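S.K.: A predicted structure for the sequence below; I have some questions about it.
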Amino acid sequence: MNPSSLDALPYIKQTESADGLPLIEIDHPMFQALLTKQGAQLLQFQPRGGQPLLWMSSNAILKPGKSVRGGIPVCFPWFGPHPTQPQLPQHGFARTLPWRLEMAQADAMSMRFCFMLQDDEQTQALWPHRFQARLTFAFSVECELYFEVENLDTQPFELSYALHSYFPVKQIDQASISGLDQLNYLDKVSGSQRKLQAGPVVFAGEVDRIYLHTEQPMQIHEQGRPAINIESEGCRSTIVWNPGAEKCAQMADMPDAGYQQMVCVECGNAADNTLQLAPGERHRARMVIRAAG
Ligand SMILES: O=P(O)(O)OC[C@H]1O[C@@H](O)[C@H](O)[C@@H](O)[C@@H]1O
């Protein structure tokens, strides 16, 4: 797709952050959104007449080569620290590299954007595999993501990933997440101990967990009322993260009290759900975010 076709698309404005990150601002009759080709990252999404469905830090750094704190960064081709080489970047390289815009379409009800990342010398130096990854957004009053990875190599490879979505909450200690009851999780706050979830997930301090073998719908509740629905297919892990007061205060790209207004509920495949792709094999996943009620 050549850039002029993006120029011809209605509802969008191509801009740049003060630090030079290219941005796609979308103002559509059904929704408003902000995208960047870096990491194929959705930064903001708000259905027209509704509340924002994603959170972005007021201290986020919008600079080429830096990961942006908010929206939906894509952690790929590994989630968290690299399994054997801790010196490699946390959460892989996909979130800080520019993806190629392959397709953009608009009509009066919806818009679609497809971004592609393919191996090159830079990615092979970090991860010696040939691959193609695609992230397609379908926006209407809800936000739908399709993630696809194909092994273009002659050898199988392992990968883990997460669609690292940041959601807004009014007050974290009055928020909860349903849909994970009776599932096992790895508790990263206590040295990755394996635990069993009982009831909804609630927040009193730092929470950093990888829920395993998940695939059922989830809901973020605010003061007991449903606020945001999250559904996924093909994502067998759910990561729930809130840094809590102490860790948040150490993060340069989050205001000290920022942890009170956000929660990450990330759909992907990590830890026990790490994937193996044979040559020519494709993995496909889908995630949908919508306002509840
Ligand atoms: O600061 P980063 O690299 O964006 O990571 C943020 C958090 O991302 C979460 O997904 C991880 O489970 C946490 O351990 C991590 O701290």
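M.R.: It's in. Numbering: from 1, shown residues only.

S.K.: residue of the stretch 51-200 of the chain closest to the ligand, please.
M.R.: At 4.3 Å from the ligand, Q90 is the closest residue in the stretch 51-200 of the chain, using C-beta to the nearest ligand atom. C-betas here are computed from N, CA, C, even on glycine.

S.K.: so that residue touches P83, yeah?
M.R.: No. Counting by C-beta atoms under 8 Å, Q90 sits too far from P83 to count as a contact (11.9 Å).

S.K.: spell out which parts of the stretch 151-293 of the chain neighbour the ligand.
M.R.: Contact residues, the stretch 151-293 of the chain versus the ligand (C-beta under 6 Å from any ligand atom): 164, 188, 208, 239, 241, 264, 266.

S.K.: dump these to TSV, plus secondary structure, pLDDT and neighbour count.
M.R.: As requested, those are exported to TSV (DSSP: H, G, I helix; E, B strand; the rest coil; pLDDT from 0 to 100; neighbours: other C-beta atoms under 10 Å):
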residue	secondary structure	pLDDT	neighbour count
H164	coil	98	25
K188	helix	97	17
D208	strand	98	20
I239	strand	98	26
W241	strand	99	20
C264	strand	99	21
E266	strand	98	26
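
S.K.: check those and tell me the two furthest apart.
M.R.: For these, the maximum inter-member distance is 14.2 Å, found between H164 and K188 (C-beta to C-beta).

S.K.: next structured bit after the helix or strand of the chain with the lowest mean pLDDT?
M.R.: Ranked by mean pLDDT, DSSP states H and E, the weakest helix or strand in the chain is helix 3-7, scoring a mean of 73. Next in sequence after helix 3-7, counting helices and strands by DSSP states H and E, comes strand 12-16.

S.K.: the residue lying closest to N184 once chain neighbours are set aside - how many residues pack around it?
M.R.: Using C-beta to C-beta, 6 or more residues apart in numbering and skipping residues adjacent in sequence, the residue nearest N184 is L212, 5.2 Å away. Here the number of neighbours of L212 (other C-beta atoms under 10 Å) works out to 18.

S.K.: okay then, goodbye and thanks.
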